[in-house]
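>>> Dropping the sequence and predicted coords here.
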Amino acid sequence: MKVIIIEIDGYKGQVFLEGASYTKAQLDMMYTKAKRIATYNEALALYFCQHYAFRLVDEVSHVDFRIDTDTSLIYAPHY
């Protein structure tokens, strides 16, 4: 199983999650559902953990996708 790292980034900080591989379109659908319920980054992270089996990670060297909660954009950063 391929694993991806997601960064949830916003005005009040950032959270890193590790979980199963999803496409950008799938993450967009998941984020749309989550932001109806969760209003801050930590709550979004908990939603992803509870509903999509992600887990919190402390330090990462790269992320596969970044969810920018200030702009509601999801993108793959270029390194």
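Sure thing, it's come through.
>>> Run a quick neighbour tally on the closest residue to Ile5 other than its chain neighbours.
For Ile5, ignoring the flanking residues on the chain, the nearest one in space by C-beta to C-beta, 6 or more residues apart in numbering is Val63 at 4.8 Å. Glycine gets a C-beta too; all of them are placed from N, C-alpha and C. Neighbourhood size, Val63 [other C-beta atoms under 10 Å]: 20.
>>> Distance of Val63 relative to Thr23?
15 Å (C-beta to C-beta, to the nearest Å).
>>> Now do the phi/psi pair for Cys49.
Main-chain dihedrals, Cys49, degrees, to the nearest 10: phi -70, psi -40.
>>> The helix or strand Met30 falls within - what's its average pLDDT?
Assessed by DSSP states H and E, Met30 sits inside helix 24-37. Average pLDDT, helix 24-37: 93.
>>> got the CA coordinates for it in PDB?
Only the C-alpha atoms of helix 24-37 are listed here, as PDB (Å, rounded to 0.1, in the frame of the first residue of the first chain):
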ATOM      1  CA  LYS A  24      -6.100  15.200  -5.500                       C
ATOM      2  CA  ALA A  25      -9.800  14.800  -6.500                       C
ATOM      3  CA  GLN A  26     -10.400  12.400  -3.700                       C
ATOM      4  CA  LEU A  27      -8.700  14.700  -1.200                       C
ATOM      5  CA  ASP A  28     -10.800  17.600  -2.500                       C
ATOM      6  CA  MET A  29     -14.000  15.700  -1.800                       C
ATOM      7  CA  MET A  30     -12.700  14.600   1.600                       C
ATOM      8  CA  TYR A  31     -11.800  18.100   2.600                       C
ATOM      9  CA  THR A  32     -15.100  19.500   1.400                       C
ATOM     10  CA  LYS A  33     -16.900  17.100   3.800                       C
ATOM     11  CA  ALA A  34     -14.500  17.800   6.600                       C
ATOM     12  CA  LYS A  35     -14.600  21.600   6.500                       C
ATOM     13  CA  ARG A  36     -18.400  21.500   7.000                       C
ATOM     14  CA  ILE A  37     -17.800  20.000  10.400                       C
END
